[in-house]
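A.B. asks: take a look and give me a structure for this.
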Amino acid sequence: MSFSDEHRAKFDDLKVSLELQQRDQLRRKANGGNSIVFTYKPEEESLYIEKAKEILPLDNFKFINIAQLFVKFIDLDGIDNFEAYYNEFLETPHLVFHSDDTATDLMDLIIQEIQDAYKAGLTPILIRTGALYGTGIENVNIMEHKSVINMKVPLVIFYPSKIVDDNIYFLNFKMASRYRCNVIE
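C.D. replies: Numbering: from 1, shown residues only. Sure thing, here's the model as predicted:
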């Protein structure tokens, strides 16, 4: 699939949203939030990520791959321990991936990467967010985290989805929140 004017326009919208003078407007539009949800058709994800890495300078942005963090999380205890733990909490996956205990979970890894990017002076961009499906971690959980709200730069979330009647459907079928973010459609 080729990169069209429509694709280019979305990246132009993203660049405008990231400009320093737009940050106050972003927070007002995002109900005090500090995130930009960059939507695209799931089948175009590779195209958008590829173009983002070409268009957005890597000395200003850090791409955080959620799929890689998911694998890293499983590797912390090994696949056998993960499988046993996951099966034990099959009905409540958020307890595996996003709990309040002191053990490192997937949410902790995501937030740590976001904080590391910010400390390095980079704007964090979450990619491959489809890996969050079934974890109990929703985009709003990340957007409302105090470290994201308090950053001086917005968090950008690449979000495979469709929009119908002003509603976002993550991966084209799961209703998602517009709260605490600016949506680039």
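A.B. asks: from now on I want contacts and neighbour counts done on CA atoms only, so please keep to that.
C.D. replies: Will do.
A.B. asks: what does the pLDDT read for residue 135?
C.D. replies: Looking at residue 135, its pLDDT reads 94.
A.B. asks: chain center to stretch 124-131, what's the gap?
C.D. replies: 4 Å (Cα atoms, centre = their mean, to the nearest Å).
A.B. asks: show me the longest strand that occurs in the chain.
C.D. replies: When the chain is parsed with DSSP state E, its longest strand is strand 155-164.
A.B. asks: helices or strands up against the very next helix or strand once past that one?
C.D. replies: Sequence order places strand 167-170 as the next helix or strand after strand 155-164, per DSSP states H and E. Judged by 3 or more Cα pairs under 8 Å, 6 or more residues apart in numbering; DSSP states H and E, the packing partners of strand 167-170 are strand 155-164, strand 174-176.
A.B. asks: buried residues in stretch 153-171?
C.D. replies: Under the neighbour-count criterion of 16 or more other Cα atoms under 10 Å, stretch 153-171 has 153-163, 168-171 buried.
A.B. asks: pairing partners for the longest strand of the chain, with directions?
C.D. replies: strand 35-40 (parallel), strand 123-127 (parallel), strand 167-170 (antiparallel) (DSSP bridges).
A.B. asks: right, and the helices and strands packed on strand 167-170 - which one's nearest residue 61?
C.D. replies: strand 155-164 (9.7 Å; Cα to Cα).
A.B. asks: quick one: distance of that closest one to the chain centre.
C.D. replies: Worked out by Cα atoms, centre = their mean, strand 155-164 lies 8 Å from the chain centre.
A.B. asks: before we move on, what about stretch 33-48?
C.D. replies: Taking mean C-alpha positions (Cα atoms, centre = their mean), stretch 33-48 and its chain are 9 Å apart.
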